[in-house]
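[1] The sequence and its predicted three-dimensional model are supplied below.
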Amino acid sequence: MWFALAAIGFMFLGRQLGWGVSRALLYPAPIPLSVVGAVVWGIVVGVGMSSLIGWLHPGTILKWILGFALGAYVAIPNYGLFSEDTIPDSDRPRHLMISNVPLIAYLVTEFTTQSLR
């Protein structure tokens, strides 16, 4: 039960922080800095969720559904920030990078930390 509450709290806090990071850094920054920021975001989310899982030791179903799935949701910092229809074609590559790079970094971090246990 504590894991479920903590994971849901992590989701709400992470979503707000992700939107803030997207607005303040990932969209306005030069592309190289934006890529580095996206990778760092994914790693931070992965380490955070792995730490939460390691601390509270949830069961398998909670770990996979509320742990890894919510972590993947939070790892995409710009999810729900903009309506997809409003993004100009010229900005679409950056938008897709900000969506995909942190998710890949999150998945790599999770697979790495889980395999070390």
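    Received, thanks.
[2] Excluding sequence neighbours, find me the nearest residue to Leu62.
    In space, and not counting its chain neighbours, Leu62 is closest to Phe3: 5.6 Å by Cβ to Cβ, 6 or more residues apart in numbering. C-beta coordinates here come from the backbone N, C-alpha and C atoms, glycine included.
[3] Regarding the one you found, what is its secondary structure?
    At Phe3 the chain is in helix, as set by DSSP: H, G, I helix; E, B strand; the rest coil.
[4] That one is in contact with Trp64, isn't it?
    No: judged on Cβ atoms under 8 Å, Phe3 makes no contact with Trp64 at a distance of 11.8 Å.
[5] Compare neighbour counts for these two and give me the winner.
    Set Phe3 next to Trp64 and count neighbours by other Cβ atoms under 10 Å: Phe3 wins out with 19 against 11.
[6] Now do the same contact list for the more buried one.
    52-53, 56-58, 62-63, 66-67 (Cβ atoms under 8 Å, 6 or more residues apart in numbering).
[7] still on that earlier bit, relative to Ile53, how far out is the residue nearest to Leu62?
    Distance from Phe3 to Ile53, counting by Cβ to Cβ, to the nearest Å: 8 Å.
[8] Tell me the residues that contact both of those two, please.
    Shared contacts of Phe3 and Ile53, defined by Cβ under 8 Å, 6+ apart, comprise 63, 67.
[9] Any chance you could list what contacts stretch 44-51?
    When contacts are defined by Cβ under 8 Å, 6+ apart, stretch 44-51 is touched by residues 7, 10, 14, 67-68, 70-71, 74-75, 102, 105-110, 113-114.
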